[in-house]
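# my questions concern the predicted model and sequence given below.
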Amino acid sequence: MHENKTLRIAIIGGGFSGAMVAVHLLKTITSNIVINLIERKSEIGLGVAYGTEFDCHLLNVAARKISAFSDEPGHFMRWLRHQEITLPNTNTFAPRQLYGRYIQGLLKESENFSQSTAHLKRFTNEAIDIKTTPENVTVYLDSGEKLEVDKVVLALGNFPPANPKVKNPTFYSSQRYINSTWSQKWLNLLSADDPVFLIGSGLTALDVVISLYQRKHKGKIYIVSRRGLLPQSHQLGITYQSFLNTSQTPQTISSLVRLVRQEVKTIKELGYDWRAVIDALRSQTQIIWQTLPLKEKRRFLRHVRPYWDIHRHRVAPEIGQVIAELIDSEQVVVYAGRIQAFYEHADGVDVEIRKRGSENSEILRSAVVINCTGFQSDYRKLQHPLIKNLLASGLIQPHALNLGLNVAKNGALVDASSKVSQQIYTIGSARIGELWETIAVPELREQSRLLAQELLR
Ligand SMILES: Cc1cc2nc3c(=O)[nH]c(=O)nc-3n(C[C@H](O)[C@H](O)[C@H](O)COP(=O)(O)OP(=O)(O)OC[C@H]3O[C@@H](n4cnc5c(N)ncnc54)[C@H](O)[C@@H]3O)c2cc1C
């Protein structure tokens, strides 16, 4: 590129990933650059996780571990001190809203301290299409505006959950059906004694239960998921050495599971907790995943994923404690089973479920049904205008596992003819099929740093 030419970048999505790519670009660049940061929500830097309206929603990682920079582990703690915010200790699980303020602060700070040749332009708008020529990329916004740039980053994050298949899906257009849990609107629809029905028993379900608990909700909370498994809690423990040699990891899921079980047995005999074994796998998960044959990855998704998820994605101990108490008091009732149908009436909705292993259905009466089944990762099924257009024009290709997109090692998207793009890149959850471990801060902070380097190359 000619020395004086201005590099024009569009980042679509202003959650953690998009904001951090912008931060790294602003911190690094010494020549002319225009960064167009496009976010459809009114605030940049929060995204889904840190834009929650609930102050009771906590990070699921201790404060000392959640710096936004991989090479400055204590950065979040330092930022807190600088803001004169005191946490009880470095193992505290801070509110997610606070973390959102941190990311917003980083963006502002890097903008203030960037070279005069760097410009960050913010757009509160939805990107709905992208067209490319060998020289240019055009990003089309919902407002009708068009942005001509050299490179684009899709930092679109996580998409709303899919609606479970039921006999009568018309219920999904009812006001009693809630598909987005991060705004307080749904909570205001409820009276304190109303029963509430949650589909799914993962982290989102626990967020909903905690929101109800904070509101002093008294009604029953039914949670139904296929296996009825709940995320485990964090516990302070030891750091365990890695026990897998990544150049010789087992090539089948069953042997991997055996190995992990064996290691858990060993650590228990030494008097320690299983969590250290799962945590020891973290830095190796991407390599293990990438070396597994496709059919073994499918086997993992079919049989092991629910168990992996509850052990890997854990909650703050205080959240786990509240959930355990609510289960003991029978306010929260967890079922393993499937939803068959919804029957709406004037007083609420009757949900027909079939418990795992049973031939018979039963009815649970509820005021609302909240979908907590987790994010939709099958891009072929998304109702997202930009993704639909990119699929139609062949600029992106779904991953073979139908989880995220086909992405090259440097974050570049692979098109429908399997050509690696030189213009369109992605980060985070779109890479789930390729990397598996790619949606949390430790991976995103590193991806954002590397992607900024790649864009400036
Ligand atoms: C509820 C929840 C809690 C979490 N808690 C933790 C935690 O404690 N610790 C941790 O490490 N990780 C956590 N995560 C993982 C989380 O995914 C990451 O930490 C991070 O927030 C993801 O950021 P992102 O920018 O990739 O995606 P998102 O935060 O989803 O941001 C994507 C942004 O793109 C915007 N967007 C999408 N399409 C368009 C478009 N066409 N045009 C314009 N804008 C668009 C969206 O509005 C959104 O703001 C959590 C995730 C969730 C959902």
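Sure thing, it's come through. Since this is a predicted model, take the numbers as computed values, not measurements.

# please enumerate the helices of the stretch 301-450 of the chain.
305-312, 317-328, 385-393, 432-435, 441-456 (DSSP state H, counting those that start in this stretch).

# so what secondary structure elements neighbour the second one?
For helix 317-328, the helices and strands in contact under the criterion 3 or more Cβ pairs under 8 Å, 6 or more residues apart in numbering; DSSP states H and E are helix 203-214, strand 332-345. All C-beta atoms are positioned from the backbone trio N, CA, C, and that covers glycine.

# that helix and the ligand in contact?
No. Judged by Cβ under 6 Å from any ligand atom, helix 317-328 stays clear of the ligand, getting no closer than 11.0 Å.

# ok now that helix, how far from the chain's centre?
Centroid separation for helix 317-328 versus its chain: 23 Å, with Cα atoms, centre = their mean, to the nearest Å.

# and the average pLDDT for that helix is what?
The average pLDDT for helix 317-328 rounds to 97.

# again, but for stretch 281-301
For stretch 281-301, mean pLDDT rounds to 95.

# cool, stretch 222-231 as well?
Stretch 222-231 comes out with an average pLDDT of 97.

# now it: buried residues?
222-225, 228-231 (16 or more other Cβ atoms under 10 Å).

# from those residues, which land in strands?
Of those, the ones assigned to strands by DSSP state E are 222-225.

# out of the buried residues of stretch 222-231, who's nearest the ligand?
Nearest to the ligand among these: Pro231, at 11.5 Å, using Cβ to the nearest ligand atom.

# hang on, that closest one packs against Pro306?
No. Proximity of Pro231 to Pro306 does not meet the contact threshold set by Cβ atoms under 8 Å, at 10.6 Å.

# so what's the closest residue to Gln321 other than its chain neighbours up against?
The shortest distance from Gln321 to any non-neighbouring residue, by Cβ to Cβ, 6 or more residues apart in numbering, is to Ser233 (7.4 Å). By Cβ atoms under 8 Å, 6 or more residues apart in numbering, the residues touching Ser233 are 314-317, 319-321.

# can you check Ser201 too?
By Cβ under 8 Å, 6+ apart, the contact set of Ser201 is 223-225, 228-230, 334, 372.

# dump those to a markdown table, plus distance to the ligand.
Formatted as a markdown table, the contacts of Ser201 follow (distance: Cβ to the nearest ligand atom, whole Å):
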| residue | distance to the ligand |
| --- | --- |
| Ile223 | 17 |
| Val224 | 20 |
| Ser225 | 17 |
| Gly228 | 21 |
| Leu229 | 18 |
| Leu230 | 16 |
| Val334 | 20 |
| Cys372 | 10 |
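
# just those residues now: which is nearest Ile103?
Cys372 (24.4 Å; Cβ to Cβ).

# count the residues that sit near the closest one.
23 (other Cβ atoms under 10 Å).

# can you pull the residues of the stretch 351-457 of the chain lying near the ligand?
So the stretch 351-457 of the chain meets the ligand at 386, 428-429, 439-441, 444 (Cβ under 6 Å from any ligand atom).

# let's see it at 5 Å
Listed as neighbours of the ligand in the stretch 351-457 of the chain under the rule Cβ under 5 Å from any ligand atom: 386, 428, 439-441.

# ok, the stretch 151-300 of the chain next?
So far as Cβ under 5 Å from any ligand atom goes, the stretch 151-300 of the chain lies against the ligand at 156-158.

# among those, who's most crowded?
Ranking those using other Cβ under 10 Å puts Leu156 first, with 24 neighbours.

# and Ile353, what does it touch?
224, 335, 337-340, 361-364 are the contacts of Ile353 under Cβ under 8 Å, 6+ apart.

# typo on my end, His399
Per Cβ under 8 Å, 6+ apart, neighbours of His399: 405-407, 432-434.

# for the protein, give me the ranges with low pLDDT.
1-3 (pLDDT under 70).

# domain assignment for it?
According to automatic domain parsing, the chain comprises the domains 7-159+377-456, 169-232+315-371, 246-312.

# most tightly surrounded among the ones you listed?
Most buried of the domains of the chain by mean neighbour count (mean count of other Cβ atoms under 10 Å) is domain 7-159+377-456; its value is a mean of 19.

# span of that one from start to end?
For domain 7-159+377-456, the first and last residues are 8 Å from each other (Cα to Cα, to the nearest Å).

# and what of stretch 247-255?
In stretch 247-255, first residue to last residue: 15 Å (Cα to Cα).

# chain center to it: distance?
Offset of stretch 247-255 from its chain centre (Cα atoms, centre = their mean): 27 Å.

# the residue nearest to Gln175 when sequence neighbours are not counted and Val333, how far apart?
Closest residue to Gln175 in three dimensions, ignoring its sequence neighbours and counting by Cβ to Cβ, 6+ apart: Leu189, at 7.6 Å. From Leu189 across to Val333, the span is 21 Å (Cβ to Cβ, to the nearest Å).

# returning to what we had before: list just the nearest of the residues of the stretch 351-457 of the chain next to the ligand to Gln83.
Among these, and counting by Cβ to Cβ, the member closest to Gln83 is Val441, at 18.7 Å.

# wait, the closest one sits on Val61?
Yes. Counting by Cβ under 8 Å, Val441 touches Val61, with 6.8 Å between them.

# can you map out the strands along the stretch 51-200 of the chain?
For the stretch 51-200 of the chain, applying DSSP state E, counting those that start in this stretch gives strands covering 118-124, 127-132, 137-141, 146-149, 151-154, 177-178, 196-199.

# from the ones in strands among the buried residues of stretch 222-231, which two are the most distant?
Tyr222 and Ser225 (10.9 Å).

# overlap of the contact sets of those two?
If you check Tyr222 and Ser225 against Cβ under 8 Å, 6+ apart, the residues they both contact are Tyr335.

# is it true that Ala49 touches Leu58?
No. If you go by Cβ under 8 Å, Ala49 and Leu58 don't touch, sitting 11.0 Å apart.

# got any residues that touch both of those two?
What both Ala49 and Leu58 touch, as defined by Cβ under 8 Å, 6+ apart, is the set Arg96.

# out of everything not next to it in sequence, what's closest to Thr6?
In space, Thr6 is closest to Asn32, 3.9 Å off (Cβ to Cβ, 6+ apart).
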